[in-house]
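Chemist: sequence unknown, structure follows:
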């Protein structure tokens with residue numbers, strides 16, 4: 001066999017391998033897009049974040065999560081229902097917050113900060129309130145050992161890193177919902 005045929009054969013095998021890899025990547029992307037059933041549902045959030053309207057974007061984030069969970073009011077959403085919220089939907093919301101805040105705000109930052117103070121899935125199961133308080137202090141959601149009212153959160157560019165979105169965390173179920181949601185975010189690899 002001449003060297004050119006061997007080289008040609010190797011190149012064509014390499015090309016086939018690259019084509020197969022591209023097909024797999026395309027298939028994976030298509031699958032992810034199918035999981036996000038209605039990409040247009042995020043348009044309002046995206047526009048609010050683009051405009052730097054942090055409070056309005058925070059309210060829209062709550063509305064979106066409730067819609068994804070099939071609830072109209074946060075009071076109707078039980079902590080146990082959190083584990084059924086689609087990860088791909090939470091990832092879209094997180095990516096939008098990260099993108100338009102220059103990586104200052106988003107759920108993934110909040111999870112990282114929770115882990116930085118010692119949190120993990122086990123501490124969410126244990127519902128470790130001391131850890132939640134340390135986390136709240138770090139996010140700027142507490143002052144002088146007390147939780148701030150949502151109306152007192154900072155919605156400016158100067159807000160503490162990771163402090164937004166913040167309204168979602170204000171559930172009538174308190175730290176129980178917080179722990180369930182943190183566990184869901186960790187399970188979704190945020």
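Modeler: Yes, it's here. Predicted model only: the values in this text are computed from it and were never measured.

Chemist: Contact partners for residue 128?
Modeler: Counting by CB atoms under 8 Å, 6 or more residues apart in numbering, residue 128 makes contact with 119, 179. (Glycine included, C-beta is placed from N, CA and C.)

Chemist: what about the spatially closest residue to residue 145 that is not a sequence neighbour, distance to residue 187?
Modeler: For residue 145, ignoring the flanking residues on the chain, the nearest one in space by CB to CB, 6 or more residues apart in numbering is residue 133 at 7.9 Å. Using CB to CB, to the nearest Å, residue 133 is found at 23 Å from residue 187.

Chemist: How about residue 116?
Modeler: Taken as CB to CB, the span from residue 116 to residue 187 is 18 Å.

Chemist: same question, residue 72
Modeler: 25 Å.

Chemist: check which helix or strand covers residue 24.
Modeler: Element membership for residue 24, per DSSP states H and E: helix 3-35.

Chemist: pLDDT weak spots in the protein?
Modeler: 1-11, 28-38 (pLDDT under 70).

Chemist: switch to 90 and redo it
Modeler: The chain contains residues with pLDDT under 90 at 1-41, 70, 72-84, 86, 88, 150-151, 157-158, 168-177.

Chemist: Find the centremost residue of the chain, please.
Modeler: Closest to where the C-alpha atoms of the chain average out (CA atoms, centre = their mean) is residue 94, at 3.6 Å.

Chemist: Does anything pack onto the helix or strand harbouring it? Which helices or strands?
Modeler: Using DSSP H and E, the secondary-structure element containing residue 94 is helix 87-100. Packing partners of helix 87-100 (3 or more CB pairs under 8 Å, 6 or more residues apart in numbering; DSSP states H and E): helix 3-35, helix 43-50, helix 54-69, helix 107-116, helix 175-187.
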